[in-house]
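Chemist: missing the sequence, but the structure's below:
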């Protein structure tokens, strides 16, 4: 009896403690909910853990080159994104793929709905292809049946419904998968003309949930907004000028970095910037070729200048979109340069908002990726070994050799493409058609001893040849997430991508 009573007493005390703990947790959650009236969601497309690590080391190499002795070694450099106080890992699989594409993975963040590959912000029953496997597109126009799924509300739309300002910024075209998931709904991501039309107030295909329109839209994509009559490279199949339609609705339109710099955000209510026909330039090429395109930091700062005037708050998505494209091309150098440009944009946003909102008391910043790639960090290189170089071993500092007696680089890819006999596959059109430097993937490996593996156009070795440069696939691994500011404490542990939506929605009171 005595033992039984003691057990009952202990159990009662434990239950009371759990109730108190739960009450405290609920109170904390209630206090946290809705505190972030401003949300900045950064998405590094394809920026998996290896890319983040390699970019950090690459940043350290640059820092040491500019200021010798400022670091013990490049591995000890710091990325801005990794300075945010909370971190998590995210599972990225889509409804029908262990390895996702960008459309459903970013849409999972924006809508909380798990959907099929190539589907943008629609219900889970939506399909991107018909029963024969044919994609629901004709050129860059959609052929999606109206009965094929329903639109899923996005974070941007929910913020707009609350009276907040909204925007999307990307180094890809503004209708590419990642930015499109914030403001458009379509069964197949490749209907770029239709996606563009959904962003234009007054157009028959306009997305009415955007109310008076997306307040800031910056990136590439002129060929989907301008007709052939004014743009020879247009992909439009009508003669409708979507830019003219948007300026008629009060948008300020800019198409160069110089013009964007001149924008007075205090006098600008709506801003549309299209700086290239399709994707914007890689950061490496933008700088080296002195192109009149804004950096991701430039676009981020201007977007914040327009959006942060709204006293009710704002939602801004910023994508480093070309990280993904360089990885598809197994061109690690451009991927790392674009990752550092993405990281610099995060710093720009933090600096800007800390002036407007000291301590980010009302601002949530989330940084993550939509998926990984087939890139690997290879061998046992010594501390300080150049991240784009051949592997020199930690034991003696000498080049490590594969079983064939030839050296190999630290960064390699599980699959990808190689130049072949076709001229188009042999040169880089974004760098004046300079030739790719690509170790062949054949019965024998090329000896890379005399190759400049740090050249802008060096393509890392691949394990499986899938075709020509650009053929590398996404990877199915979990990705990193970093968060800071208002409502960021819940971003920890390992979660499915659809759960990120819930956490942002709660923190922002949407």
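Modeler: Now that the structure is in, tell me what you want to look at. None of these values were measured; they are calculated from a predicted model.
Chemist: okay, CA-based contacts and neighbour counts for the rest of this
Modeler: OK.
Chemist: In the stretch 401-510 of the chain, where is pLDDT below threshold?
Modeler: Nowhere does the stretch 401-510 of the chain drop to pLDDT under 70.
Chemist: What distance do you get for the nearest residue to residue 205 once chain neighbours are set aside to residue 355?
Modeler: Once flanking residues are discounted, residue 205 sits nearest to residue 198: 5.3 Å by Cα to Cα, 6 or more residues apart in numbering. According to Cα to Cα, to the nearest Å, residue 198 and residue 355 sit 34 Å apart.
Chemist: okay, those two: which has more neighbours?
Modeler: Using other Cα atoms under 10 Å, the more surrounded residue of residue 198 and residue 355 is residue 198, with 24 against 10.
Chemist: can you pull the contacts of that one?
Modeler: 183-184, 205-207 (Cα atoms under 8 Å, 6 or more residues apart in numbering).
Chemist: Now it: phi and psi?
Modeler: The phi and psi values for residue 198, taken as degrees, to the nearest 10, are phi -70, psi -20.
Chemist: Check the one 10 residues further on too.
Modeler: Reported as degrees, to the nearest 10, the phi and psi values for residue 208 are phi -70, psi -20.
Chemist: ok, so what distance separates it from residue 185?
Modeler: Per Cα to Cα, residue 208 is found 11 Å from residue 185.
Chemist: same check, this time on residue 146
Modeler: 11 Å.
Chemist: same check, this time on residue 233
Modeler: 25 Å.
Chemist: Could I get the full set of helices for the stretch 401-510 of the chain?
Modeler: According to DSSP state H, counting those that start in this stretch, the stretch 401-510 of the chain carries its helices in the segments 497-508.
Chemist: meant to ask about the chain, not that
Modeler: Per DSSP state H, the chain has helices spanning 2-32, 49-66, 102-111, 155-161, 177-183, 192-198, 222-225, 242-247, 257-262, 283-288, 296-307, 322-328, 332-356, 497-508. These are given in chain order.
Chemist: Between the ones you listed, which one is closest to residue 466.
Modeler: Proximity to residue 466, assessed across those by Cα to Cα, is greatest for helix 322-328 (11.0 Å).
Chemist: and the closest one, average pLDDT?
Modeler: Mean per-residue pLDDT for helix 322-328: 98.
Chemist: Could you number the chain from 31 rather than 1 from now on?
Modeler: Okay, using 31 as the starting number, the last item reads as helix 352-358.
Chemist: Report the distance from it to the chain centre.
Modeler: Offset of helix 352-358 from its chain centre (Cα atoms, centre = their mean, to the nearest Å): 10 Å.
Chemist: next one: stretch 350-362
Modeler: With Cα atoms, centre = their mean, you get 11 Å for stretch 350-362.
Chemist: still on that earlier bit, nearest to residue 299, out of the helices of the chain?
Modeler: Closest to residue 299 of these, according to Cα to Cα: helix 326-337, at 6.5 Å.
Chemist: In the closest one, which residues are buried?
Modeler: Under the neighbour-count criterion of 16 or more other Cα atoms under 10 Å, helix 326-337 has 326-327, 329-337 buried.
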